[in-house]
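> Next come a sequence and a model predicted from it.
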Amino acid sequence: MATATAVSRILLTMLADFAEMETRLIGKRTAAAMQHKNARHRDYARTPYGFDRKGDGLPPTPAEQVVMHQAHDSQRAGKSVHWIAGALTRQQGSTTRGG
């Protein structure tokens, strides 16, 4: 959009303001939804790999902890993320999320 005229400049400014307003509204709605779920003790995030969800706690899952340690050891040995993913897939099969 050309901003050579006063009308085009004000339209561009208004569009930017509406975009900023929508961004702030999305943030407020997201925060309100998280507070609502938290107040009712409901999950609002995925359980991290290597852990299980037991009530409000996250106890470690031993088999997944072993896989995480293998990945960290491979990374410290200088292996790439691609190499590590391939090695773990060959060793373990598909992931808990189907990857």
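Structure received. Numbering: from 1, shown residues only.
> wait, isn't residue 65 in contact with residue 50?
Yes: in this structure, residue 65 is within contact of residue 50 by C-beta atoms under 8 Å, at 5.3 Å. No exception for glycine: its C-beta is placed from N, CA and C like everyone else's.
> Between those two, point out the one with more neighbours.
Between residue 65 and residue 50, residue 50 has the larger neighbour count (other C-beta atoms under 10 Å), namely 16 against 13.
> Determine the number of other residues adjacent to the nearest residue to the more buried one once chain neighbours are set aside.
Residue nearest to residue 50 in three dimensions, not counting chain neighbours: residue 64, with 4.4 Å by C-beta to C-beta, 6 or more residues apart in numbering. For residue 64, the neighbour count with other C-beta under 10 Å is 17.
> Helix or strand: which one has residue 64?
Element membership of residue 64, judged by DSSP states H and E, is helix 62-76.
> Buried residues of the very next helix or strand once past that helix, list them for me.
Downstream of helix 62-76, the next assigned helix or strand under DSSP H and E is helix 81-92. Within helix 81-92, the residues that qualify as buried are 84, 88, counting by 16 or more other C-beta atoms under 10 Å.
> Run the angle between helix 81-92 and helix 62-76 for me.
Counting by axes from the mean of the first three to the mean of the last three C-alpha atoms, to 10 degrees, helix 81-92 lies at 150 degrees to helix 62-76.
> Find the nearest non-adjacent residue to residue 71, please.
Spatial nearest neighbour of residue 71, excluding adjacent residues (C-beta to C-beta, 6+ apart): residue 84 at 5.3 Å.
> sorry, back to before: name the helices or strands packed onto the helix holding residue 64?
helix 81-92 (3 or more C-beta pairs under 8 Å, 6 or more residues apart in numbering; DSSP states H and E).
> Send me the helix it packs on as PDB with only the CA atoms.
The C-alpha coordinates for helix 81-92 follow below in PDB (Å, rounded to 0.1, in the frame of the first residue of the first chain):
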ATOM      1  CA  VAL A  81      20.400 -34.100  16.300                       C
ATOM      2  CA  HIS A  82      19.500 -35.900  13.000                       C
ATOM      3  CA  TRP A  83      21.900 -38.700  13.800                       C
ATOM      4  CA  ILE A  84      20.500 -39.000  17.400                       C
ATOM      5  CA  ALA A  85      16.900 -39.100  16.200                       C
ATOM      6  CA  GLY A  86      17.700 -41.800  13.600                       C
ATOM      7  CA  ALA A  87      19.600 -43.900  16.100                       C
ATOM      8  CA  LEU A  88      16.800 -43.700  18.700                       C
ATOM      9  CA  THR A  89      14.200 -44.500  16.100                       C
ATOM     10  CA  ARG A  90      16.100 -47.600  15.000                       C
ATOM     11  CA  GLN A  91      16.600 -48.600  18.600                       C
ATOM     12  CA  GLN A  92      13.200 -47.800  20.000                       C
END
